[in-house]
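1. I would like the atomic coordinates for the input below:
(chains A, B and C)
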Amino acid sequence: MADLFKVHINFATSQLIFPTIIACVLAVLGIAIAITHRHRIAGAGAHWRAIAGRMDKMRFFGAIGLTLVYFSTMQPVGNLWPNTGMGFLLTSIPFVFLCGVLFLHDRRPGNMIGLTVAALVAPTLVWWVFADLFFLTLP
Amino acid sequence: MNFTRRTLLATAGAALATRPLGALAAGKLPRNVRLVIGSKSTGGDTYQNSAIVADALAKELDINIKVDAVGATQAFKALERDSRGTTMMIFHDQSYLGWLYGRTGYVDPFKTYAIGPTVAINPGNAYLVAKNSPYKTMGDVFKAAADGKRIRVAIQPGGVSEIGFSAMKNAAKVMHPGSEKNLVAVNTGSQSDKNQALWDDLADVINGSIQANEQFTQLDASDKKAMRFIWITARQKTLEQAPEKGMGKTTRDDLLKYASPETSVTLDGKKDFTFDKEFFFMFNKKMDPAIIETVNQGLAAVFKKGEIQKRQKAAFFIPNYLPTDQALAHLKDKADTYAKVIKDIRS
Amino acid sequence: MDLLSFVTPLFLTLIVSGTVIGIVFGSIPGLTATMAVAVCLPLTYSLGLNNGLGLLLGLYVGGISGGLVPAILLGIPGTPSSITTTFDGYPMAKRGEGERALRIGIVSSVVGGLISLAVLVLFAPLLADFAIDFSYVEKFLIILFALTVMAALSKDMLLGIFSGVLGIFISLIGTYDVSNGGNGKERLIPPGTEYWLQDGFSLLPVLIGLFGLAAILEEAELGVPKGQSMKDIKVGAHSRFSFSVFGGQIVNLVRSSLIGTFVGILPGVGGSAASILSYTNAKTFSRHPERFGKGEPAGIIASESGNNGLTGGALVPLLSLGIPGDSTTALLIGAFTLQGVQVGPLFISGNTETWNAMIVAMLIANVAMFVVMYLAIRWLALAVTIPKHILFPIILMMCVIGAYTINYGIMFDVWTLLIFGIGGWLMGKVGLEVAPFIIGFILGPSAEVYFVKTLESFGTLTIFFTKSWIAVVLWLLIAGSVATSVWMSRRHRRLDEG
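-> Have a look, this model is predicted:
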């Protein structure tokens, strides 16, 4: 009887044991969901159309696009001045500014000035504290 | 018109300002250097040792050096990406042991990177048993293995923690061929896991260190946690440089009893096996040799002044500066010896 | 008076400034207590041991506590250990009870910190001996118990558990970590991504992606509406805070503090598990488990006293075994060795002055944390009044700093932030739940190691039940937690149908 519960683990392949178990549990749960929630799954098309209809596409995709550009320029810019955190500073200022403009509804000069100041001060302050004072590595 | 000229001037100014930082004169060390290390812990020995070295070297060469604990695989990647001399690495014997043991993420460091000077030794690598264990010495362990008893040794596989275990198997094989099969590895992770394996009676011998385990050896045998050193892998001449008062309540003379020649784990029946964990620089293979030479000279000057040795000794490191060429020959020789040990016990 | 000779004005100043810096680090999403300690560690060499420890312990206590501020006000956990604070804190803030929630959190934090400190002072060596009775088996069961909170947190049980298991699955991507006892081999890495995914995804960028970036994307999707601006989360508007909220919660408060302390004592269980476990317990034993997750003060109490309970607890194994209880205390070892001080079972008896200095520093840090945060509530709340078009880009920028620096400069961690930001947004759309997902992600790697190591060492499945009385108690707790969740979901369904 006790033999029934005996297991032998081969250390060399033990990296696969737990992922296999979890994958099986995941599959079982997935099937259960497919069965119990089949109506919702069938209505997925309408669900997504509704989301797309309501969505503020410019702000949503604009934010993702800006973030993509921000992340992908950070390191190349930083490489011009290695290990100074300049990549972070020089890309964060335009990012905070542009992202702010994107999110801003009322783009009157008054609001824009506030945003410009924030876009200049916040990254510079953060860069000074982390790269200079705490001596952390930034891109 | 005015506007364009100003723009032009600004661009030119920016370009000029970039030059001294961006484009480097040949052989000139960059002003801002990133020193990546093969460990992810900023509380561990690699970080401490690297911080001490970086501190002294930065002052000597008048540059900024940041130590980043990114871990072995990421450090190797960072080193491969950057040949300008702005990224350097400090690591220890794990860099070639990982490769010899076939760990993922490790390549032959002698082929892939330029090996730089060595800077320090951590002499602490040790093996311990429970205080009430029937095995009091390495001799007892080898005898028991020869008598067919199974001895479980807790290690972290694939590197510095395993090499001593491989040496034990090798010695067992040299002395009583076949008995090495009775030495079996219990694969664990951190020091805490290894200690726990001993307390849970999942291991008879554990890998540990002088620094982390010495206090456990001072406990009374009635305490479940009490341990006993049975082997310190360091060379005699390394331990002899340790502070005379040793570590905690264990003096240097006490420590020497657990190391070769008093405690012998043979390499080939004639010489004893020893292992010192040595920290050394590594560089990108394509990096300007003049920069490497600058670092080498800088370190030579630092060690000549003699201040760094005090800091290293206070943190239980043994100062160990070897210039680039000697370091390479020494490490290569070491790696060849261990490669043979690992090969022999596998065949 | 010789006893307290280390208490100098410098010592006090360092503790208090450490606490303040720690609070700032903790309250900025992406920056953690561990990072605060890491950046200040080099300073301690010149300060000497006692003063250096004062600074670091201040940072530790402040950093763990500061996390509750963004958790409550913005729904973004400032540190991984304040995840469970968002579950009830943020709904309260949205109801206009932000200030009340902050006060509850701060009071719970200081109580948790002080209780765990008392435990540390009185029982440190004793508890360390108890902690080493926990082998792989018991540690696995503790993790399993913490995982049962996934079910309790889910709105839709099936989808919630699926999300949690998915979190575990994704946490396993990468290498079976050698330093945790794995064999160093890779698994679950999609072909072609080995270069980046060798080490898997890091927790912090995943966390701030799911909670920070995803929330910002959701706002962007709605066009960053001005109408329901965060200004409307009036921090102190309707609800008066009074200590009477703790009236029926003394048991919860003490229990959560002790759970947090105990999790700290167990090496290798992980800091974030402290608040998750206290939260699970509070919900299991509550008379109104259905209120949890909707703005129940008891949830904040459990979470915050739990994570501050960790602070004293994590020092127990450090000072009586030389083994760190969590990632922050692991750095303290560095501070000791830098000064040539050995930590281990003889530390307390051999270094009485340092031991006293640490206790005093922890005490002062807790008091300072309480005073500073309590006085600063009004200003903390100001963060919420910053217009969203400025706040969001800046939060994103801070998240980048946090992600990039968590592993000392890895660009992939920044991309992880984006991947999980978009992933978190998508999850919300298809009905998967973020809370159970992140809990699965946090606990997955430990669950794996302890499960596989148990079988590797003992070779039988029955050991999970027969190892010790501790295992039996843990099974009872697991059963209790599961039963509560099932019972609640049944009642929900009946209510829905009725």
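2. which elements pack onto the longest strand along chain B?
-> Ranked by residue count under DSSP state E, the longest strand found in chain B is strand B:113-122. Packing partners of strand B:113-122 (3 or more C-beta pairs under 8 Å, 6 or more residues apart in numbering or on different chains; DSSP states H and E): helix B:45-61, strand B:87-91, strand B:277-284, helix B:289-305, strand B:318-322, helix B:324-346. Quick note: C-beta positions are derived from backbone N, CA and C, even for glycine.
3. so what are the sheet partners of the second one and their directions?
-> Spelled out, that is strand B:87-91. Using DSSP bridges, strand B:87-91 pairs in its sheet with strand B:32-37 (parallel), strand B:277-284 (antiparallel).
4. CA atoms only for that strand, dumped as CSV, please.
-> Provided in CSV are the C-alpha atoms of strand B:87-91 (Å, rounded to 0.1, in the frame of the first residue of the first chain):
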residue,chain,number,x,y,z
THR,B,87,31.8,47.6,-18.5
MET,B,88,34.1,45.3,-16.5
MET,B,89,33.5,42.3,-14.4
ILE,B,90,34.7,40.8,-11.2
PHE,B,91,33.9,37.2,-10.4
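5. now the angle from the helix or strand that comes right after the longest strand of chain B to strand B:277-284?
-> Where DSSP states H and E defines the elements, the next helix or strand beyond strand B:113-122 is strand B:125-130. Angle of strand B:125-130 versus strand B:277-284, following axes from the mean of the first three to the mean of the last three C-alpha atoms, to 10 degrees, is 140 degrees.
6. neighbouring strands - and their directions - for strand B:125-130?
-> strand B:205-209 (antiparallel), strand B:227-232 (antiparallel).
7. which parts of the stretch 251-400 of chain C sit against chain B?
-> Within the stretch 251-400 of chain C, the positions near chain B by C-beta under 8 Å from any C-beta of the partner chain are C:267-268, C:317, C:321-324, C:330-335, C:337-340, C:342-347.
8. give me the below-cutoff pLDDT ranges for chain A.
-> Flagging of chain A using pLDDT under 70 yields the residue ranges A:1-2.
9. need the helices for it, in chain order.
-> Remark: helices assigned in chain A by DSSP state H are A:17-36, A:38-42, A:44-54, A:57-78, A:86-103, A:109-127.
10. could you do the stretch 51-200 of chain B as well?
-> Taking DSSP state H, counting those that start in this stretch to define them, one finds helices in the stretch 51-200 of chain B at B:72-81, B:94-100, B:109-112, B:138-146, B:160-175, B:191-199.
11. would CSV of those helices with mean pLDDT be doable?
-> Below are the helices of the stretch 51-200 of chain B laid out as CSV (pLDDT from 0 to 100):
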stretch, mean pLDDT
helix B:72-81, 94
helix B:94-100, 97
helix B:109-112, 96
helix B:138-146, 97
helix B:160-175, 97
helix B:191-199, 95
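12. among those, which comes closest to chain A?
-> Closest approach to chain A among these is made by helix B:72-81 (9.5 Å; C-beta to the nearest C-beta).
13. show me what counts as buried in that closest one.
-> By 16 or more other C-beta atoms under 10 Å in any protein chain shown, the buried positions in helix B:72-81 come out as B:72, B:73, B:74, B:75, B:76, B:77, B:78, B:79.
14. restrict those to contacts with chain C.
-> Restricting these to those touching chain C (C-beta under 8 Å from any C-beta) yields B:73, B:74, B:77, B:78.
15. from residue C:424, how far out is the most centrally placed residue in chain C?
-> By C-alpha atoms, centre = their mean, chain C has its centre lying nearest to residue C:81, at 1.1 Å. Counting by C-beta to C-beta, to the nearest Å, the gap between residue C:81 and residue C:424 amounts to 19 Å.
16. end-to-end on stretch C:316-326?
-> For stretch C:316-326, the first-to-last residue distance is 11 Å (C-alpha to C-alpha, to the nearest Å).
17. got the contact list for it?
-> Stretch C:316-326 has contacts (C-beta atoms under 8 Å, 6 or more residues apart in numbering or on different chains) with B:43, B:191-192, B:195, B:212, B:215, B:225, C:119-120, C:123-125, C:127-128, C:131-132, C:261, C:264-267, C:270-271, C:310, C:313-315, C:329-330, C:332-333, C:342-345, C:347-348, C:355, C:358.
18. again, but for stretch A:33-44
-> A:47, C:158, C:159, C:162, C:430, C:431.
19. on that earlier part again, tell me which of the helices of chain A sits nearest to residue A:10.
-> helix A:17-36 (9.1 Å; C-beta to C-beta).
20. can you give me the buried ones in that closest one?
-> Residues A:17, A:18, A:19, A:22, A:26, A:29, A:33 are the ones in helix A:17-36 that count as buried (16+ other C-beta under 10 Å).
21. just give me the closest of the residues you listed to residue C:484.
-> Lowest distance from residue C:484 to the buried residues of helix A:17-36 (C-beta to C-beta) belongs to residue A:29, with 20.3 Å.
22. just give me the neighbour total for the nearest residue to the closest one once chain neighbours are set aside.
-> In space, and not counting its chain neighbours, residue A:29 is closest to residue C:162: 4.4 Å by C-beta to C-beta, 6 or more residues apart in numbering or on different chains. Using other C-beta atoms under 10 Å in any protein chain shown, residue C:162 has 26 neighbouring residues.
23. restricted to buried residues, select the contacts of stretch C:316-326 in PyMOL.
-> Selecting only the buried entries of the contacts of stretch C:316-326 in PyMOL, with 16+ other C-beta under 10 Å as the criterion:
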select buried, (chain B and resi 43+191+192+195+212+215+225) or (chain C and resi 119+120+123+124+127+128+131+132+261+264+265+266+267+270+271+310+313+314+315+329+330+332+333+342+343+344+345+347+348+355+358)
